[in-house]
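Visitor: got a structure for you, letters missing:
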């Protein structure tokens, strides 16, 4: 890496010394973002600031020693850039030891090359060293700061990229995350009885905290007299830990905010986990916990598989954990339902609704009979379209048939990671066999996950641990969960499902309208959150029971879909047509996109509005969605497709009233919102907090599955 490259990253005009940039982290970020834009390195300073504030809102970027490293990947950035400020007034950035007076802002374009990312990660690692930060505080001119950065990153990067951390790679005064396998082996042999700890660090952007946590953990291990090797799964090239090193490790430390890649490599090892920021803020505590876990046969162990950050799991109350387990199952179930349901709807479009009816006395429906007796070279009398419709209907039916099994399998996965998947799928399939349906899948998944988790905690011999996640846990957890479902629980749950189905079939008049109102309120309450997911899951779970003689499940699906379309459409109408001056320019731009999102049944299109002004947007959305749900149920509108919005019109029965219900709810919501904005004053809030809420909401839209669930 040349000095010229470093100079392109930072220049004197990007440096400010002893300046007051405001009282909040958002204030500082906005000034630094505008500074980047003023040098021509970002097209839009406001957009860059928004991306960095969003990152800051998820996890504070302050680190011990009065340092902050706000950073973001942003489409507005044209080239990787550093902006620096030494603050005259300290500002809170979330560090455990107080506010920050030294701030480096790292701005990276979406497609930054590996060399630049290596420079930035190296700089971030240097910021936990007291000698480097002391030099920054002592600098007298912007040029001094530029020279310090150039000297720090120039030789470091040329040394050979960023790999795994090891105590063997660098003197104690400045530990590094870089080590050759052979060097590590030599060091280990000399270490004698010292404990060996391996670990992984990873953060969402993979630029700063990933490498800082690795260095901090290495230094802490040195202080504790242990040998530490860390695999940094960041934006720079990842060098996996040597399998032989993992095999002889006494414990594992995960300091991560994202999935650990190839987590199964560490199966059976005592585990200490936490967010990546804890690796920066409390490395000594994590190492001490790892050393204790190495000698504790009852310590938590890596179960294998891939999971999101485990740091929050140990801190959850049971109710929070239960919600996470169930919502994980629903989230993984939805693609089976959405894809399968749309294929069934396509089958109806091509072949007509009769494709689902029995074919004479053959014991098969028309789709199965057609596919069994005809081929592309021997088409049925109805022609190619009918044959393709039969194929689409059958594929969709098979996909929809995984609904309960997938729900149970991924509930168990959320509890016990990969070893829980097989027992969960089997328990879900047994629930289908017992006619226990959706409720049986919930119960079976919880039992399977609990059994797999409990079995995985049993202390066992080292030679047996490798077999635990792939053979022993799935085998015995399947026996426990499926045995209970088959012999004890399946019958009672099936009875409950029968009673529920009978009650739904009896709905008419006022009771049906009331159900539509309730479903509409749920769909608009949290726009893709837990309550919304419950309503959506309730609707799609009933689709399999729908038929020509039992249309209530189809009516529920139509009410849920129409109500879920109302919030984004209402926000689009209010912000782009009825009351443009009541919305900011970014909100009006979001409103344009919300037209398509709402028409497609993507409720999350309303989230940026709701996050910025929840006390007016959410009530207005709920009122309109309730109106739509009530009209839809009263008119007997049906939908045989679980998703797609207006674009699956061919699968919607009584499409005219579907449109009427949708328009009514959209107009009501938009008018209520305009009225609230005109006549109900918004409670004053901190501008930075409001910006953080809005940007977190935008991030949530990007992360959630594009369904109203």
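Guide: On my side now, so go ahead. The structure presented is a predicted model; accordingly, all values stated were derived computationally and were not measured. Residues are numbered from 1 along each chain as shown.

Visitor: May I have the strands that pair with the strand ranked longest in the chain, each with its orientation?
Guide: Ranked by residue count and defined by DSSP state E, the top strand of the chain is strand 81-91. In the sheet, strand 81-91 lines up against strand 15-19 (parallel), strand 100-108 (antiparallel) (DSSP bridges).

Visitor: Just name the most buried of those.
Guide: When you average the neighbours per residue for each of the strands paired with strand 81-91 (mean count of other C-beta atoms under 10 Å), strand 100-108 leads with a mean of 25. Glycine gets a C-beta too; all of them are placed from N, C-alpha and C.

Visitor: how distant is it from the center of its chain?
Guide: 26 Å (C-alpha atoms, centre = their mean, to the nearest Å).

Visitor: same question, stretch 650-660
Guide: For stretch 650-660, the distance to the chain centre is 34 Å (C-alpha atoms, centre = their mean).

Visitor: repeat for stretch 244-262
Guide: Relative to its chain's centre, stretch 244-262 lies at 21 Å (C-alpha atoms, centre = their mean).

Visitor: Quote the end-to-end distance of that stretch.
Guide: 15 Å (C-alpha to C-alpha, to the nearest Å).

Visitor: Buried ones in it, by neighbour count?
Guide: Using 16 or more other C-beta atoms under 10 Å as the burial criterion, the residues of stretch 244-262 that qualify are 245, 246, 249, 250, 251, 252, 253, 254, 255, 256, 257, 260.

Visitor: which one of these is nearest residue 22?
Guide: Among these, residue 257 lies closest to residue 22 (C-beta to C-beta), at 27.0 Å.

Visitor: Compare the strands paired with strand 81-91 and give me the one nearest residue 491.
Guide: Of all the strands paired with strand 81-91, the one in closest proximity to residue 491, counting by C-beta to C-beta, is strand 100-108 (58.0 Å).

Visitor: can you give me the strands for the chain?
Guide: 15-19, 62-63, 67-68, 71-73, 81-91, 100-108, 164-166, 196-202, 227-232, 251-256, 271-274, 638-639, 652-653.

Visitor: Which one of those strands has the poorest average confidence?
Guide: Comparing mean pLDDT across those, the weakest is strand 164-166, with a mean of 40.

Visitor: OK, contacts around residue 346?
Guide: Applying C-beta atoms under 8 Å, 6 or more residues apart in numbering, one finds that residue 346 lies in contact with 389, 392, 393, 396.

Visitor: swap the cut-off to 6 Å and go again
Guide: Residues near residue 346 by C-beta atoms under 6 Å, 6 or more residues apart in numbering: residue 392.

Visitor: want to throw the strands paired with strand 81-91 into a markdown table with distance to residue 449?
Guide: Formatted as a markdown table, these follow (distance: least, C-beta to C-beta, whole Å):
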| stretch | distance to residue 449 |
| --- | --- |
| strand 15-19 | 52 |
| strand 100-108 | 38 |
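
Visitor: Out of the ones you listed, flag the one nearest residue 332.
Guide: If you check each of the strands paired with strand 81-91 against residue 332 by C-beta to C-beta, strand 100-108 wins as the nearest, at 31.3 Å.

Visitor: what's the pLDDT at residue 577?
Guide: Listed pLDDT for residue 577 reads 91.

Visitor: and if you look at residue 668?
Guide: Per-residue confidence (pLDDT) for residue 668: 96.

Visitor: and the spatially closest residue to it that is not a sequence neighbour, how many neighbours does it have?
Guide: Leaving aside its sequence neighbours, residue 668 sits nearest to residue 624 (C-beta to C-beta, 6 or more residues apart in numbering; 4.4 Å). By the criterion of other C-beta atoms under 10 Å, residue 624 has 28 neighbours.

Visitor: Tell me who's in contact with residue 624.
Guide: By C-beta under 6 Å, 6+ apart, residue 624 lies in contact with 566, 570, 665, 668, 669.

Visitor: sorry, back to before: put together TSV for the strands of the chain, with distance to residue 470 on each row.
Guide: As requested, the strands of the chain are arranged in TSV below (distance: least, C-beta to C-beta, whole Å):
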stretch	distance to residue 470
strand 15-19	54
strand 62-63	39
strand 67-68	44
strand 71-73	37
strand 81-91	46
strand 100-108	39
strand 164-166	26
strand 196-202	21
strand 227-232	22
strand 251-256	18
strand 271-274	18
strand 638-639	42
strand 652-653	46
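
Visitor: for those strands, which one sits closest to residue 500?
Guide: Of those, nearest to residue 500 by C-beta to C-beta is strand 638-639, at 19.2 Å.

Visitor: Run me through the strand neighbours of that closest one, direction for each.
Guide: Strand 638-639 pairs in its sheet with strand 652-653 (antiparallel), by DSSP bridges.

Visitor: Contacts for the strand it pairs with next, please.
Guide: Contacts of strand 652-653 (C-beta under 6 Å, 6+ apart): 638, 639, 658.

Visitor: Which one of those sits in the busiest neighbourhood?
Guide: Counting by other C-beta under 10 Å, top hit in the contacts of strand 652-653: residue 639 with 33 neighbours.

Visitor: got the contact list for it?
Guide: Residue 639 neighbours (C-beta under 6 Å, 6+ apart): 554, 557, 558, 561, 652.

Visitor: just residue 379 next, same as before
Guide: Residue 379 sits in contact with residue 387, where contact means C-beta under 6 Å, 6+ apart.

Visitor: quick one: residue 411 and residue 325 touch, right?
Guide: Yes - Residue 411 is in contact with residue 325 according to C-beta atoms under 6 Å; the separation is 5.2 Å.

Visitor: Which one's more surrounded, these two?
Guide: Higher neighbour count among residue 411 and residue 325: residue 411, with 34 against 23, using other C-beta under 10 Å.

Visitor: With adjacent residues omitted, what lies nearest to residue 18?
Guide: residue 88 (4.8 Å).

Visitor: Work out the gap between the longest helix seen in the chain and the centre of the chain.
Guide: The longest helix of the chain (DSSP state H) is helix 318-351. Its chain's C-alpha centre and that of helix 318-351 lie 16 Å apart, by C-alpha atoms, centre = their mean.

Visitor: Any buried residues in that helix, and which?
Guide: Buried residues in helix 318-351, counted by 16+ other C-beta under 10 Å: 321, 324-334, 336-351.

Visitor: Please apply the same query to stretch 380-394.
Guide: 380, 382, 386, 387, 388, 389, 390, 391, 392, 393, 394.

Visitor: Fine by me, we can end here.
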